[in-house]
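K.L.:
Here you go, sequence then predicted model.
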Amino acid sequence: MTELLSAAQMRAIEQAAIASGDLTGLELMERAGYGVVAALLAEWPDLAEGRGAATGVLPRTPAFLRTETEARRALVLCGPGNNGGDGFVVARLLQERGWEVAVFLYGDAAKLPPDARVNYDLWRVMGEIAQWEAAAIIGQAGAKVPDVIVDAVFGTGLTRPLPPEVAAVMTGLPAGRLVAVDAPSGLCMDSGRVLGEAAASAALTVTFHARKLGHVLSEGPLHCGALRLVDIGLGRTAGEDVTLAGANAQLGKGSGQHKFDHGHALILSGGQGRGGAARLSARAALRVGAGLVTLGCPPDAMAENAARLDAIMLRQVGGEGLAQVLADRRINALCIGPGFGLGALQARHVAEALGSRRALVLDADALTLLARDAGLLAMLHGDCVLTPHAGEFARLFPDIAARLAEPATRGPAFSRVDAARAAAARAGCVLLFKGADTVIAAPSGACRINAAVYDRPAPWLATAGAGDVLAGIITGLLARGLGAFDAAATGAWLHVEAARSFGPGLIAEDLPGELPKVFRRMRL
Ligand SMILES: NC(=O)C1=CN([C@@H]2O[C@H](COP(=O)(O)OP(=O)(O)OC[C@H]3O[C@@H](n4cnc5c(N)ncnc54)[C@H](OP(=O)(O)O)[C@@H]3O)[C@@H](O)[C@H]2O)[C@@H](O)CC1
Ligand SMILES: [K+]
């Protein structure tokens, strides 16, 4: 499992390693600085060469003919903490490579923490440090355009909005190769939210030991650019508090198993002309491996659905309620919401489904019904999965959503992880909070993030019906016996994998049919 750390967890890991005597803070800082230099040279291989070769047109300049004017230029911006200390290491290592390096310090050198101070002193033997002045920095970046600007002002220690003179630089620098050390300054590493109004926008962010929550949540990916992870020799983990959602190796089917070994999902549909969404869910539930899937629909929609379904079975569910259908105990997972409707009968069906204590996905219209009726909300139980997008979340948990919408002015800022955990605890069930950074939380506090960012974007998932498919995938996994938390996290992961497998041009109908390719790649 890939863990995502908070700033406090990272500090605890670092301090434990130092206290154990395995490593010193200085060694960690040296490795961090080295890692940044290695990562930026790997990201832009032309920077590892002489200036002539970088054009791709001129022949490479032999080393003995290179002049000072051909040296690579870096502008290194250092801050008052250990992030700044990393910056001094980067400055030293680049100058040792023959680069021309200018360093600016925000803060008082006399107050630098000890390891940062050592690296400040090492750099001072090699070069100058100019005191922070926004106009001078921006002017220098404009006149003597650097090949790389290194943002080592604030990292995981940022606790409040950037001071105006730092914000002016971060928003005034020319667009280019801005490398953020650990974090783009201004970004809260616990929430991925900008504290105040300004944060650096990096082309490359190099972080250490493990990704932080802020790298994947909210605006984090927008500000980080590309994200690279460097191993600095810290073996310890924080116990995998929050992890990235990933593949689930238990999705294969054993030979010799019967269809009833893989569960029976019931998907409830809306009335005539409104069944498309539920049919998408049902198809996804079947494709993800539920042994049987039944679509339950009102009498007026029977003919329409019968004409459109083959492997999926059809049952009439009208005013008589769900009791007759649910008398079949083999039906072990339900999905209610896609295209369902918002009337009193539908609310009654939601209550019956909740009362049956079956594993249950509540999506779309079912979420609206829940938001309208505190009695229904009180019936939620641990085998339920709620799948709200931001609007549905705000209707269900208005106070939590309001807290999330407040401007972030102090770190750690209230995050989407905090919001999902609070909502799951209150609802007493699993909650899947949709977004490019989908957060899945359980009442216990267990949490996974399904990140469709960086090298895993899925922009074509923003299409009608994609959510109905996700609800169906999760329902199918519940039918197959996964617990609610695993079903939601695995379902979210499969959903993005299917979208990425199909690629541009994706519509919701394509998603279920893409799952077999995903499974083949997983070697199921
Ligand atoms: N953990 C590890 O294993 C390793 C960590 N490493 C590196 O250390 C970094 C963390 O260092 P860090 O803890 O010193 O925090 P950092 O981000 O430098 O800033 C803290 C300083 O800024 C100040 N300050 C905060 N906000 C402010 C504001 N808005 N405006 C003004 N001031 C503000 C704050 O002061 P205070 O809040 O006390 O007033 C404090 O002085 C981490 O990101 C990584 O790069 C690596 O060396 C390798 C191993
Ligand atoms: K930084």
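P.N.:
Great, that's in hand. Here the structure is a predicted model, which means the values were calculated and not measured. Numbers count the residues shown, from 1 in each chain. Ligands and ions are numbered 1, 2, ... in the order given.
K.L.:
how close does the residue of the stretch 251-400 of the chain found nearest ligand 2 sit to R348?
P.N.:
Taking C-beta to the ion as the measure, the stretch 251-400 of the chain has A390 as its residue closest to ligand 2, at 28.7 Å. (Glycine included, C-beta is placed from N, CA and C.) Counting by C-beta to C-beta, to the nearest Å, the gap from A390 to R348 is 28 Å.
K.L.:
Please apply the same query to A282.
P.N.:
Separation of A282 from R348 (C-beta to C-beta): 22 Å.
K.L.:
can you check A175 too?
P.N.:
Between A175 and R348 the computed distance is 57 Å (C-beta to C-beta).
K.L.:
okay, the two: which has more neighbours?
P.N.:
Under the criterion of other C-beta atoms under 10 Å, the comparison of A175 against R348 puts R348 first, with 14 against 7.
K.L.:
Which of the helices or strands spans that one?
P.N.:
Secondary structure here is read from DSSP states H and E; on that basis R348 sits in helix 344-355.
K.L.:
I'd assumed A436 was in contact with the residue of the stretch 251-400 of the chain closest to ligand 2.
P.N.:
No: with contact defined as C-beta atoms under 8 Å, A390 does not count as touching A436 (11.4 Å).
K.L.:
P114: what's it in contact with?
P.N.:
Listed by C-beta atoms under 8 Å, 6 or more residues apart in numbering, the contact set of P114 reads G25.
K.L.:
If we use 10 Å, what do you get?
P.N.:
P114 makes contacts with 25-26, 82, 85, as judged by C-beta atoms under 10 Å, 6 or more residues apart in numbering.
K.L.:
of all these, which two lie farthest apart?
P.N.:
Greatest spacing in the contacts of P114, by C-beta to C-beta: L26 and N82 (10.5 Å).
K.L.:
So the two - more neighbours on which side?
P.N.:
Between L26 and N82, counted using other C-beta under 10 Å, the more crowded position is N82 (26 against 16).
K.L.:
Distance of that one relative to Y120?
P.N.:
Shown here: N82 relative to Y120, a distance of 11 Å by C-beta to C-beta.
K.L.:
Look up the residues that both of the two are in contact with.
P.N.:
Going by C-beta under 10 Å, 6+ apart, residues that sit against N82 and also against Y120 are L112.
K.L.:
The residue of the stretch 251-400 of the chain closest to ligand 2 and ligand 1, how far apart?
P.N.:
As for A390, its distance to ligand 1 is 28 Å (criterion: C-beta to the nearest ligand atom, to the nearest Å).
K.L.:
okay, that residue: pLDDT?
P.N.:
Reported pLDDT at A390 in the predicted model: 98.
K.L.:
Backbone dihedrals for it, both of them.
P.N.:
The phi and psi torsions at A390 (degrees, to the nearest 10) take the values phi -60, psi -40.
K.L.:
Contacts only, for the residue of the stretch 301-450 of the chain found nearest ligand 2.
P.N.:
Using C-beta to the ion, the single residue of the stretch 301-450 of the chain nearest to ligand 2 is G411, 13.6 Å away. Taking C-beta under 10 Å, 6+ apart as the criterion, G411 is in contact with 7, 154, 156-161, 187-191, 193, 195, 214.
K.L.:
Checking it next. Helix, strand or coil?
P.N.:
Using DSSP: H, G, I helix; E, B strand; the rest coil, the secondary structure recorded for G411 is coil.
K.L.:
how about the residues of the stretch 251-400 of the chain near ligand 2?
P.N.:
Residues of the stretch 251-400 of the chain found near ligand 2, taking C-beta under 5 Å from the ion as the criterion, are absent altogether.
K.L.:
Is any residue of the helix or strand where A8 lies near ligand 1?
P.N.:
The secondary structure element spanning A8 is helix 7-19 (assigned by DSSP H and E). Yes: contact of helix 7-19 with ligand 1 (C-beta under 6 Å from any ligand atom) involves 10-11, 14.
K.L.:
The residues you listed: which ones sit near ligand 2?
P.N.:
Near ligand 2, taking C-beta under 5 Å from the ion as the test, no member of these is found.
K.L.:
Show me how this protein divides into domains.
P.N.:
3-54+67-243, 262-406+413-521 (automatic domain parsing).
K.L.:
all strands of the stretch 201-350 of the chain, in order?
P.N.:
204-208, 211-212, 226-230, 242-244, 264-268, 292-297, 313-316, 331-336 (DSSP state E, counting those that start in this stretch).
K.L.:
can you put the ones you listed in CSV and add distance to G343 and mean neighbour count?
P.N.:
Supplementary listing: these in CSV, determined by distance: least, C-beta to C-beta, whole Å; neighbours: other C-beta atoms under 10 Å:
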stretch, distance to G343, mean neighbour count
strand 204-208, 50, 26
strand 211-212, 45, 25
strand 226-230, 47, 17
strand 242-244, 39, 19
strand 264-268, 13, 30
strand 292-297, 14, 26
strand 313-316, 17, 16
strand 331-336, 13, 28
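K.L.:
Would you mind telling me which of those is nearest C429?
P.N.:
strand 331-336 (13.4 Å).
K.L.:
What strands line up against that closest one, and which way round?
P.N.:
For strand 331-336, the paired strands and their directions (DSSP bridges) are strand 264-268 (parallel), strand 359-362 (parallel).
K.L.:
got the angle for it vs helix 344-355?
P.N.:
Going by axes from the mean of the first three to the mean of the last three C-alpha atoms, to 10 degrees, strand 331-336 is angled at 140 degrees with respect to helix 344-355.
K.L.:
Strand 331-336 - what's its average pLDDT?
P.N.:
Strand 331-336 shows a mean pLDDT of 98.
K.L.:
what about that strand, distance to the chain center?
P.N.:
If you compare the mean C-alpha spot of strand 331-336 with that of the full chain, they lie 28 Å apart, counting by C-alpha atoms, centre = their mean, to the nearest Å.
K.L.:
got a list of what V89 touches?
P.N.:
26, 29-37, 76, 115-116, 118-119, 122-123, 152, 181.
K.L.:
Which of the residues you listed are buried, as a PyMOL select command?
P.N.:
Here is the PyMOL command that selects the buried residues among the contacts of V89 (16 or more other C-beta atoms under 10 Å):
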select buried, resi 26+29+30+31+32+33+34+35+36+37+76+115+116+118+119+123+152+181
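K.L.:
taking the contacts of V89 one by one, which sit in strands?
P.N.:
Within the contacts of V89, membership in strands is found for 76, 152, 181, as judged by DSSP state E.
K.L.:
and the strands paired with strand 331-336 as JSON lines, adding mean pLDDT and distance to A226?
P.N.:
Formatted as JSON lines, those follow (pLDDT from 0 to 100; distance: least, C-beta to C-beta, whole Å):
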{"stretch": "strand 264-268", "mean pLDDT": "98", "distance to A226": "40"}
{"stretch": "strand 359-362", "mean pLDDT": "98", "distance to A226": "35"}
